[in-house]
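Asker: Provide a 3D model corresponding to the input given below.
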Amino acid sequence: MRAGMRAGMRVLAVLLCALRAGGTELTFELPDSAKQCFHQELERGLKFTLDYQVITGGHYDVDCYVEDPNGRTIYKETKKQYDSFPHRTEVKGVYTFCFSNEFSTFSHKTVYFDFQMESACVTIHEALNTVIDSQTHYRLREAQDRSRAEDLNGRVSYWSVGETLILFVVSIGQVMLLKSFFTEKRPGSSGTST
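Answerer: Below is the predicted model:
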C-alpha cells in the first residue's frame, strides 16, 4: 500500500509540476516561408529546458533560436529535426523562442515543443518530500500509539481476569459464610431419659 501511495504522490507531483511550473507543451503548424515565436516571462536564476521535434513535413527540419530579454541570442540551430536546450536564466524578463521554416518554399511542418521550468519542479519535489516525511512521522507515531494501546489492552485484560477470580473467590466465601449461619448444629443426645 505504501508503494502505491508513493507512486500516486509522484504522479501528483508530476501533474502539479506541469501546472505550477507553467510548463508548456504544444504542437503547431508551421507554414512554408513562415516563422512562429513564443514569449515567456522568466525570473532570474530559473532553469528551463526547451525540447522540440519536427513531426511532419519536408525533411523534418526547422530552424530554432532563443533570445534573452536583452535581445541576445542564447541558442540557435538551423535545419534540426529535434533538439533539447537546457538553460539557466541570467536576467529577468521576456524570453523569445522562435521556430522558422523560412528556408522552405513549399513544405509545411508540424512542430512539437515542450517548455519546462525545472526550479518550480524542484520546489514541488521538496514540498513532496516534506509531505512524505510528515507521513512517515505520523505513521511512526501511529505505530507507537498502537503499541501503547495494545499494552494497555493487555493490562486491562489481566486486570479483568484478576477481578473475575477475586469475585469468584469472594462469592464462594460469602456462600459458605451464609450457609454456616443457616446450618443448625444439633446438640448430641446424651442418652439420659427422664
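
Asker: mind listing the strands for this protein?
Answerer: Remark: strands assigned in the chain by DSSP state E are 24-30, 35-42, 47-56, 62-67, 73-80, 82-88, 93-100, 109-117.

Asker: Any stretches of this structure with poor pLDDT?
Answerer: Within the chain, the segments meeting pLDDT under 70 span 1-22, 119-122, 185-194.

Asker: how about a cut-off of 50?
Answerer: Within the chain, the segments meeting pLDDT under 50 span 1, 3, 5, 7-21, 194.

Asker: how many neighbours does the nearest residue to residue 67 once chain neighbours are set aside have?
Answerer: The shortest distance from residue 67 to any non-neighbouring residue, by C-beta to C-beta, 6 or more residues apart in numbering, is to residue 96 (4.5 Å). Placement of C-beta: from N, CA and C, glycine included. If you count neighbours by other C-beta atoms under 10 Å, residue 96 ends up with 15.

Asker: picking that back up, any chance of the strands of the chain in a markdown table, with distance to residue 137 too?
Answerer: Shown next, in a markdown table, are the strands of the chain (distance: least, C-beta to C-beta, whole Å):
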| stretch | distance to residue 137 |
| --- | --- |
| strand 24-30 | 36 |
| strand 35-42 | 36 |
| strand 47-56 | 31 |
| strand 62-67 | 44 |
| strand 73-80 | 44 |
| strand 82-88 | 34 |
| strand 93-100 | 41 |
| strand 109-117 | 30 |
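
Asker: Run a quick neighbour tally on residue 56.
Answerer: Using other C-beta under 10 Å, residue 56 has 12 other residues around it.

Asker: For it, name its beta-bridge partners.
Answerer: Beta-bridge partners for residue 56, by DSSP bridges, are residue 110.

Asker: ok, it - contacts?
Answerer: Shown in contact with residue 56 (C-beta atoms under 8 Å, 6 or more residues apart in numbering): 108-110.

Asker: Quick check on those residues: which are buried?
Answerer: Neighbour counting with 16 or more other C-beta atoms under 10 Å marks residue 109 as buried within the contacts of residue 56.

Asker: quick one: which of the contacts of residue 56 is nearest to residue 166?
Answerer: residue 110 (87.5 Å; C-beta to C-beta).

Asker: So that closest one is in contact with residue 28, correct?
Answerer: Yes: the pair residue 110 and residue 28 passes the contact test of C-beta atoms under 8 Å, sitting 7.4 Å apart.
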